[in-house]
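Take this sequence and fold it.
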Amino acid sequence: MAFEKLAIKIREHLFEKGAGKVGFADIRGVSQELEKKWSVAVSIAYPLDREVLKEIYEGPTKNYRDEYVRVNKVLAILGQNVCDLIQKTGYETHLVGPTTESWNKRTLSAEFPHKTAATRSGLGWIGKCALLVTREYGSAVRLCTIMTDAPLPVGKPVEQSFCGSCNQCRKVCPVSAPYGKEWSPSLSREDIIDIRACHDQAKAFSNARDLGHTICGICMVACPWTRAYINSDHV
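Here you go, the predicted model:
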């Protein structure tokens with residue numbers, strides 16, 4: 001019961017601060033190295049501003065860059081707040097921020113994928129563009145993860161895609177990076193998307209538009225789930 005109350009306290013704090021979705025994932029079995037210390041991950045999804053998203057159908061803008069930076073800063077603070085709440089109960093935590101220095105430039109991968117925690121906690125599924133897709137916001141979220149050894153109650157994992165026959169992300173991608181394959185937990189990111197082509201195009205946008213961050217967003221706003229969020233009055 002004490003851990004259920006802690007989970008409720010975490011949720012309430014995050015929602016009060018603007019988080020869109022919050023989940024708790026069982027991450028045992030993800031890797032032997034992680035399992036030595038961490039058993040649960042808190043996944044935070046923070047929505048991006050709809051008005052800014054309306055600008056990026058042809059590629060990233062400086063307003064989008066600013067929103068990306070703003071939300072990352074908010075998530076870093078919220079992630080630390082969650083760490084503090086858990087540590088006060090005597091358990092340990094490890095914050096994987098929305099951007100991380102533990103990033104492998106060769107594989108273009110991070111120490112622990114935020115999307116693994118998000119799908120395992122029930123927040124959404126992986127789209128054909130390899131982004132997390134949520135029913136409420138589509139892919140228009142940034143993610144943050146907190147790993148802990150606290151035995152918090154966990155959610156039901158999402159283990160199937162709801163993209164169906166939609167291939168909008170592939171159609172709009174300037175380099176056709178998505179392969180058009182529906183995700184399942186058994187697939188790797190490399191089965192779904194040419195991540196090098198995706199990264200190189202985002203880098204080209206960044207250089208051409210003087211953005212200072214490797215970002216794109218074209219596939220994100222093409223997703224029907226994201227468009228529903230952009231065109232809604234969801235708060």
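
per-residue confidence for the residue positioned nearest the centre of the chain?
Geometric centre of the chain, nearest residue: L143, 3.7 Å, by C-alpha atoms, centre = their mean. On the pLDDT scale, L143 is placed at 97.

how about it, what does it touch?
43-46, 75, 98, 114-115, 117-118, 132 (C-beta atoms under 8 Å, 6 or more residues apart in numbering). For every residue, glycine as well, the C-beta is placed using N, CA and C.

Low-confidence stretches in the protein?
Flagging of the chain using pLDDT under 70 yields the residue ranges 1, 35, 100-111, 234-235.

Would you map the helices across it?
Using DSSP state H, the helices of the chain run over residues 2-16, 32-35, 50-53, 62-87, 114-121, 168-172, 189-192, 195-209, 218-222, 224-230.

quick one, which of the ones you listed is packed in tightest?
Sort those by mean neighbour count, taking mean count of other C-beta atoms under 10 Å, and helix 114-121 sits at the top with a mean of 25.

Off-centre distance for that helix?
In this view, helix 114-121 has its centroid 8 Å away from the chain centroid, taken as C-alpha atoms, centre = their mean, to the nearest Å.

okay, the angle between that helix and helix 62-87?
Orientation check (axes from the mean of the first three to the mean of the last three C-alpha atoms, to 10 degrees): helix 114-121 against helix 62-87 gives 60 degrees.

contact partners of helix 114-121?
23-27, 30, 41-43, 45, 96, 98, 124-126, 131-132, 143-145, 154-155, 157-159, 185.

In ChimeraX, how would I select just the buried ones from those?
Remark: buried members of the contacts of helix 114-121, expressed as a ChimeraX selection using 16 or more other C-beta atoms under 10 Å:
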select :23,24,25,26,27,30,41,42,43,45,96,98,124,125,126,131,132,143,144,145,154,155,157,158
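
sorry, back to before: and the contacts of L143, which is closest to G212?
Of all the contacts of L143, G212 sits closest to P98, with 16.0 Å by C-beta to C-beta.

Hmm, the closest one is touching L75, no?
Yes: contact status for P98 versus L75: in contact at 4.3 Å, counting by C-beta atoms under 8 Å.
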